[in-house]
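> Quick one, fold the following:
(one chain, ligands or ions: 1)
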Amino acid sequence: MADTINDLTQKLDAYLNDDQIDLVRRAYLCAEKAHSGQTRRSGEPYVTHPLAVAHILADMHMDHQSLAAAMLHDVIEDTEVDKIEIVEQFGSTVAELVDGVSKLTQFEFQTQAEKQAENFQKMAMAMARDLRVILVKLADRLHNMRTLDVLGAEKRRRIAVETLEIYAPIANRLGMNEVRIEFEDLGFGTLYPMRAKRIQAAIEATRGHRKELVTNIETQVGEQLLKDGISATVIGREKHLYSIYQKMRSKSRSFTEIMDVFAFRIIVDSPDDCYRTLGSIHSLYKPRPGHFKDYIAIPKANGYQSLHTVLFGMHGVPIEIQIRTKDMEQMANNGIAAHWLYKANNQDASVGSHARARQWVQGLLELQQNAGNSLEFIENVKIDLFPEEVYVFTPKGKIMELPLGSTAIDFAYAVHTDIGNSCVGCRINRRLAALSQPLQSGQTIEIITAPGANPNPSWLDIIATSRARSQIRHYLKHLKSGESIELGERLLNKSLVTFNSSLDDITDKQQAALVKKSGASNFEEILEEVGLGNRVAYLTARQLLDIHESDAGNNMVIGNREKPLVIAGTEGMMINFAKCCNPIPGDDIGGHITAGRGVVVHLADCRNYHEIQEKDKEGRSVTLRWHDNAEGEYRVELKVEVEQQRGIIASLANKVNSLDGSIESIKVEERDSKSSIIHIFLAVSNRIHLARIIRRIRVLKSVVKVVRVKR
Ligand code: MN
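Numbers count the residues shown, from 1 in each chain. Below is the predicted model of the structure:
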């Protein structure tokens with residue numbers, strides 16, 4: 001008999017309040033109504049599926065919003081209920097979760113190519129800005145795997161392959177071991193039913209004569225720990241089907257060889273006890289050299305912590321032992337979901353997804369603090385959670401990986417140079433869109449080409465890949481002189497129009513003045529340079545009209561999200577923040593316009609900027625000021641001098657995190673045995689925010705000095 005909504009309510013009673021439970025119940029009723037008349041293949045009413053998914057999540061103690069989203073996860077796709085209605089009834093967070101799960105579901109059918117599996121995993125992670133989307137999706141997939149029997153052979157196979165290639169690795173990446181193992185065993189059993197049956201039978205056959213030995217070892221270990229005054233739980237472990245199968249294949253070992261190993265897990269109260277336990281059992285059995293691993297001091301990237309060792313038992317039987325605390329056990333089994341397991345009573349489940357992810361990272365960092373540190377670990381966690389890439393589809397369903405900030409033009413050049421060169425427009429998710437619009441993971445991009453079309457030098461300002469840049473440059477360089485003059489004319493004219501002028505209005509005198517000033521041999525040469533992308537049309541127009549930055553009057557304002565910098569005639573020129581001085585809101589700034597990188601913003605007193613201004617003959621400088629309510633995150637570099645201390649990096653990272661600064665990377669230079677210099681690259685919202693962070697870091701005991709790096 002399937003679990004009912006009342007069973008679920010009982011489960012939720014243990015960790016949610018009445019209002020929260022009410023939300024979940026309302027979501028159930030809504031789903032029941034929306035799916036009424038629909039049945040599953042098994043003949044059961046459809047709503048039993050979302051209900052079962054919610055049960056899975058409730059067992060992980062997931063919050064009420066995730067559970068409501070689980071109830072509603074199929075309504076957008078399969079019923080009349082739409083996102084707007086979900087927003088009205090359950091709030092925008094639940095609606096976003098449901099929407100996210102629906103989007104992931106849509107893409108399931110596009111993953112024909114096996115080599116795309118890894119990209120798909122990354123894309124799924126990148127798309128789910130709220131990690132709860134992934135957790136709901138995993139639970140959905142888990143229930144589908146558990147009820148796969150009723151489907152046809154072909155569909156079963158496809159779902160099993162996808163589960164093994166995509167969902168099991170995602171569960172693994174998030175440290176959700178129990179879910180991963182179930183995915184693997186169900187997937188394996190579906191793909192290779194005969195092999196699974198044979199291995200299962202062999203396990204059962206050996207279980208009989210293993211039993212005595214297992215009990216013996218358990219007793220010996222238990223007595224030894226008792227003697228040493230350690231309170232512990234000793235559990236015998238059996239390897240799961242799929243891992244046995246994989247070991248047999250990858251290490252071509254026989255079943256007996258693999259099953260000859262006896263595996264135990266010891267759960268103790270504190271990290272200290274873990275090490276004491278290790279010492280205790282090492283005095284009981286001889287350890288096998290080279291097989292000890294300390295994942296407590298250096299956790300795996302997904303947060304897994306434990307001590308591993310291999311011992312020789314009586315008659316030389318190998319014994320594998322894992323030692324960990326209850327908390328570590330939770331983390332090992334439930335991974336990221338363990339976070340909700342502990343914090344489920346927290347009323348504020350609506351905190352932003354980003355904040356949640358950050359909390360998780362911070363939780364890991366706290367674990368980290370007790371145990372020294374590993375920079376690589378921090379880096380791994382970050383790479384997994386905040387990918388620097390976007391993953392988009394071609395119209396045929398192939399996945400392309402591009403750097404963050406890429407546009408349709410980057411995409412076009414990534415597909416083929418000819419597509420890039422003849423690109424005139426694009427459709428994003430079947431809708432016409434601007435070529436300059438940054439792409440987002442999960443979008444389908446279609447490039448519109450026209451025969452005889454040419455790359456536009458202004459594209460150099462809106463692309464992110466070096467491939468597109470070099471291809472555009474290559475094309476422009478090989479333009480015949482006549483063509484580039486024509487192109488330059490067109491571009492310059494467009495810019496002049498924004499100053500209420502046009503090429504026809506420009507007098508010979510004005511032309512001659514610019515030719516003289518710039519050292520060109522004639523005006524055509526200037527037009528050619530514009531056409532080749534070596535001169536910025538906007539600046540050339542300003543020089544022709546002899547408009548100076550100072551009397552232009554309208555200095556540019558940056559840092560506001562709704563009105564990003566718009567410079568007349570440049571159609572959304574890109575803004576870059578100089579890496580030499582990393583300006584942030586509150587700083588005095590200046591900028592200059594470049595042909596390749598749009599407007600580059602410097603600190604007003606940056607040394608590089610002064611040099612650029614001195615050499616500047618063309619009036620590339622622009623006056624800039626921050627918007628009064630500048631938004632966004634800006635990169636800064638801090639140099640922290642510390643006395644050598646274990647765990648200092650984790651403490652620093654913790655402090656920065658607790659003040660909502662996000663760390664991009666950390667570099668350590670060791671000076672001598674007593675002190676080191678740590679460079680932290682982090683994103684802050686403005687000077688006040690930065691000052692707060694610096695103050696917090698300064699009071700740390702081993703910190704000698706903190707300065708912001710400006711070159
Ligand atoms: Mn479903």
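
> Tell me which helix or strand the residue of the stretch 351-500 of the chain found nearest the ion sits in.
Closest approach between the stretch 351-500 of the chain and the ion, counting by C-beta to the ion: residue 442, at 18.4 Å. In this view, the C-beta of every residue, glycine as well, is placed from N, C-alpha and C. Here residue 442 sits in a region with no helix or strand, counting by DSSP states H and E.

> wait, it sits on residue 392?
Yes. Assessed by C-beta atoms under 8 Å, residue 442 is found in contact with residue 392 at 7.2 Å.

> per-domain residue ranges of this protein.
Per automatic domain parsing, the structural domains of the chain span 5-191, 195-337, 474-626, 634-708.

> Of the ones you listed, give the one that comes closest to the ion.
Of all the domains of the chain, it is domain 5-191 that lies closest to the ion, at 4.2 Å by C-beta to the ion.

> quick check, the closest one touching the ion?
Yes. Against the ion, domain 5-191 shows contacts by C-beta under 5 Å from the ion at 74, 140.

> outside of the helix or strand harbouring residue 494, which residues touch it?
Assigned by DSSP H and E, residue 494 belongs to helix 481-498. The contact list for helix 481-498, computed with C-beta atoms under 8 Å, 6 or more residues apart in numbering, reads 454, 456-458, 476, 479, 502-503, 505-506, 524, 526-532, 537-538, 540-541, 544-545, 568-570.

> average pLDDT across stretch 196-203?
Averaging pLDDT along stretch 196-203 gives 88.

> neighbouring contacts of it?
For stretch 196-203, the external contacting residues (C-beta under 8 Å, 6+ apart) are 185, 188-189, 238, 241, 244-245, 255, 259.

> In that stretch, which residues are buried?
Using 16 or more other C-beta atoms under 10 Å as the test for burial, stretch 196-203 gives 196, 199, 203.

> Quick one: neighbours of residue 87, just the number.
16 (other C-beta atoms under 10 Å).

> residue contacts, it?
Contacts of residue 87 (C-beta under 8 Å, 6+ apart): residue 95.

> What distance do you get for the residue nearest to residue 607 when sequence neighbours are not counted to residue 621?
Sequence neighbours aside, residue 711 is the residue nearest to residue 607 in space, at 6.7 Å (criterion: C-beta to C-beta, 6 or more residues apart in numbering). Per C-beta to C-beta, to the nearest Å, residue 711 is found 19 Å from residue 621.

> what's the offset of the helix holding residue 494 from the middle of its chain?
42 Å (C-alpha atoms, centre = their mean, to the nearest Å).

> the more surrounded of residue 442 and residue 392?
residue 392 (24 against 21).

> Check which element follows the one helix or strand the more buried one maps to along the chain.
Applying DSSP H and E as the criterion places residue 392 in strand 389-393. Remark: after strand 389-393, the chain's next helix or strand is strand 399-403, criterion DSSP H and E.

> Which strands and helices lie in contact with the strand holding residue 392?
Secondary-structure packing of strand 389-393 (3 or more C-beta pairs under 8 Å, 6 or more residues apart in numbering; DSSP states H and E): helix 117-127, strand 399-403.

> tell me the angle of the last one relative to strand 389-393?
By that I understand strand 399-403. With axes from the mean of the first three to the mean of the last three C-alpha atoms, to 10 degrees applied, the angle from strand 399-403 to strand 389-393 works out at 150 degrees.

> Tell me the buried residues in strand 399-403?
399-402.

> Tell me which stretches of the stretch 351-500 of the chain form strands.
If DSSP state E, counting those that start in this stretch is used as the criterion, the strands of the stretch 351-500 of the chain fall at 389-393, 399-403, 423-428, 431-433, 445-449.

> Tabulate those strands in a markdown table, adding columns for distance to residue 293.
Listed next are the strands of the stretch 351-500 of the chain as a markdown table, based on distance: least, C-beta to C-beta, whole Å:
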| stretch | distance to residue 293 |
| --- | --- |
| strand 389-393 | 31 |
| strand 399-403 | 33 |
| strand 423-428 | 47 |
| strand 431-433 | 50 |
| strand 445-449 | 44 |
